[in-house]
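> let me see the structure of the following:
(one chain, ligands or ions: 3)
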Amino acid sequence: MKITDFIEYKQTGRKISMLTCYDFWTAKIVDNSSVDCLLVGDSLSMVMHGHDSTVTATMEMMELHTQAVSRGASSKFIVGDMPFLSNRGSLDKSLDNVLRLMRAGAHAIKLEGVKGNEALIQHLVESGVPVMGHLGLMPQSVNTLGGYKVQGKNQQQADQITEQALLAQELGCFSIVLECVPETLGKSLSQALQIPVIGIGAGVETDGQVLVMQDMLGTSEHKARFVRTYCNLQETLTQAFDQFDNDVKAQQYPNADESYPS
Ligand SMILES: Nc1nc(=O)c2c([nH]1)NC[C@@H]1CN(c3ccc(C(=O)N[C@@H](CCC(=O)O)C(=O)O)cc3)CN21
Ligand SMILES: CC(C)C(=O)C(=O)O
Ligand SMILES: [Mg+2]
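Numbering: from 1, shown residues only. Ligands and ions are numbered 1, 2, ... in the order given. All right, here's what the predicted structure looks like:
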């Protein structure tokens, strides 16, 4: 998938699949799959580093993981997530951080919220950086929201999100992520916009879906309502680890074929 496909797929009604990806080995596997595009999400601070929110994600983390994904998934469109406050200082500082992600191998960047980011979004788009918006539940605001709750439940909130989404489009965003909203809002927003809306917990009527890879593989402890697990990797891996441990202790590993003859 390339940048121009986003609008084309929207126009032809072809749905867009996106997964988060944080490392080289899963990037190589997903590169060989039919999944359309990848997000090096700031959720990596939680999934890969064990932090309890995305607030502690750093540019260093995002840069290193984007580099690894980019080496593994050379055929995929890669979006890099701007970590908390990395785009909230001066324009110069924000540009510096965007450049770090682009140099690390991102083809586009994503940032949470439109309000307060208008000038930056416009400047990036004019500078040749595709920008993906992110509305609805914005996890970097967990400390002001008081938890990961469904957003846009009343009409006033829904109207506000719709307004922000239209503004994102106007400022030149090529797509937006819409997280954790009622499916009716997912549908109406997708219909209202010309750019594709990639949903996560926004119902089936959006223009595409994104999930955290570890959630869909079944290795995450917490399961939000929107998560569908496509395999039980937790169980598969535990079995493999226990089998190895057993074989070692029973001297069943290594056998002659796995040893060097004299
Ligand atoms: N592994 C992982 N997957 C994610 O999807 C994800 C992260 N981490 N980290 C950053 C954010 C946090 N996200 C979350 C986390 C929890 C819920 C959740 O459990 N929501 C409630 C909603 C309850 C309500 O308001 O009704 C749920 O029951 O689904 C949603 C999104 C999405 N993002
Ligand atoms: C959940 C997706 C949209 C995200 O922003 C992330 O993984 O950081
Ligand atoms: Mg994110």
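
> wait, a helix at residue 110?
No. Using DSSP: H, G, I helix; E, B strand; the rest coil, the assignment for residue 110 is strand, not a helix.

> isn't it up against residue 129?
No. When contacts are counted by CB atoms under 8 Å, residue 110 is not listed as touching residue 129 (11.0 Å). The C-beta positions use only the backbone N, C-alpha and C, and glycine is treated the same way.

> who has more neighbours, those two?
Shown here are residue 110 and residue 129; by other CB atoms under 10 Å, residue 110 has more neighbours (24 against 20).

> need the pLDDT of the more buried one.
Per-residue pLDDT puts residue 110 at 99.

> same deal with the one 10 residues further on?
Per-residue pLDDT puts residue 120 at 98.

> and the end-to-end length of stretch 67-87?
In stretch 67-87, first residue to last residue: 20 Å (CA to CA, to the nearest Å).

> is ligand 1 contacted by it?
No. Taking CB under 6 Å from any ligand atom as the criterion, stretch 67-87 and ligand 1 are apart, separated by no less than 10.0 Å.

> chain center to that stretch: distance?
9 Å (CA atoms, centre = their mean, to the nearest Å).

> so it, near ligand 2 or not?
Yes. Contact of stretch 67-87 with ligand 2 (CB under 6 Å from any ligand atom) involves residue 81.

> pLDDT of that stretch, averaged?
For stretch 67-87, mean pLDDT is 98.

> one more: stretch 193-207?
The pLDDT scores in stretch 193-207 average 99.

> likewise for stretch 230-237?
For stretch 230-237, the mean confidence score works out to 98.

> how close does residue 103 sit to ligand 2?
According to CB to the nearest ligand atom, to the nearest Å, residue 103 and ligand 2 sit 20 Å apart.

> before we move on, what about residue 138?
When distance is defined by CB to the nearest ligand atom, residue 138 is 9 Å away from ligand 2.

> next one, pLDDT for that residue please.
In this model, residue 138 is scored at 98, pLDDT.

> thought it was touching residue 181?
No. Using CB under 8 Å, residue 138 is not in contact with residue 181; the gap is 11.4 Å.

> of the two, who's got more company?
Legend: neighbour count by other CB under 10 Å for residue 138 and residue 181, higher for residue 181 (25 against 18).

> which residue, other than its chain neighbours, is closest to the residue of the stretch 101-250 of the chain found nearest ligand 3?
Relative to ligand 3, the nearest point of the stretch 101-250 of the chain is residue 139 (6.0 Å; CB to the ion). Spatial nearest neighbour of residue 139, excluding adjacent residues (CB to CB, 6 or more residues apart in numbering): residue 54 at 4.9 Å.

> the one you found: what's it in contact with?
The neighbours of residue 54, taking CB atoms under 8 Å, 6 or more residues apart in numbering as the test, are 41, 42, 43, 45, 46, 83, 84, 139, 140, 142.

> number of nearby residues for residue 132?
Residue 132: 25 neighbours (other CB under 10 Å).

> hang on, I meant residue 222
8.

> torsion angles phi and psi at it?
In terms of degrees, to the nearest 10, the main-chain angles of residue 222 are phi -80, psi 140.

> before we move on, the earlier item: tell me the SS of the residue nearest to residue 139?
Classification of residue 54 using three-state DSSP returns coil.

> check the gap between it and ligand 2 for me.
6 Å.

> now do residue 21
10 Å.

> please apply the same query to residue 112.
For residue 112 relative to ligand 2 (CB to the nearest ligand atom), the value is 7 Å.

> contacts only, for that residue.
82, 134, 138, 139, 140, 141.
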